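> Could you work out the structure for the sequence below:
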Amino acid sequence: MELLFIGGIGTTEILLIVLVLLLMFGGKKLPELMRGAGRGIREFKDAVNTATQPDEDKKPESKDEANN
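Model (predicted):
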C-alpha cells in the first residue's frame, strides 16, 4: 500500500519515522510531543486565518467601548 504525501513518502518511510521517534523519545513522551505539535499547528492556522481576513469583517469599536 503506497500512501502519497509530501515528496512521495510511503508506508515504509512513515513506519521508519515512527520507529525512530519511539527510540528517541520513548513511549511516554511521544503523546505529549504530538499534542504540543498539534497545538502549534492549530495556533499557526488560526494566526494565518486572522491575518488573511479583511479589516471590513472586524466590528468597529464605539467610543464608549474604547474608553473602558
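> middle-most residue in this protein, spatially?
Compute the mean C-alpha point of the chain, and by C-alpha atoms, centre = their mean the closest residue is Ile41, 1.2 Å away.
> Tell me the secondary structure at that one.
State at Ile41, reduced to three classes by DSSP: H, G, I helix; E, B strand; the rest coil: helix.
> what separates it from Arg35, distance-wise?
Distance, Ile41 to Arg35, by C-beta to C-beta, to the nearest Å: 11 Å. For every residue, glycine as well, the C-beta is placed using N, CA and C.
> for the protein, what spans make up the helices?
Chain-ordered helices for the chain, with DSSP state H as the definition, fall at 11-52, 63-67.
> With mean pLDDT as extra columns, can I get those in a markdown table?
Below are those laid out as a markdown table (pLDDT from 0 to 100):
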| stretch | mean pLDDT |
| --- | --- |
| helix 11-52 | 89 |
| helix 63-67 | 58 |
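> Please identify the deepest-packed of those.
helix 11-52 (a mean of 10; mean count of other C-beta atoms under 10 Å).
> tally of neighbours for Gly10?
Applying the criterion other C-beta atoms under 10 Å, we find 13 residues in the vicinity of Gly10.
> So for it, what's the pLDDT?
Per-residue confidence for Gly10 comes out at a pLDDT of 85.
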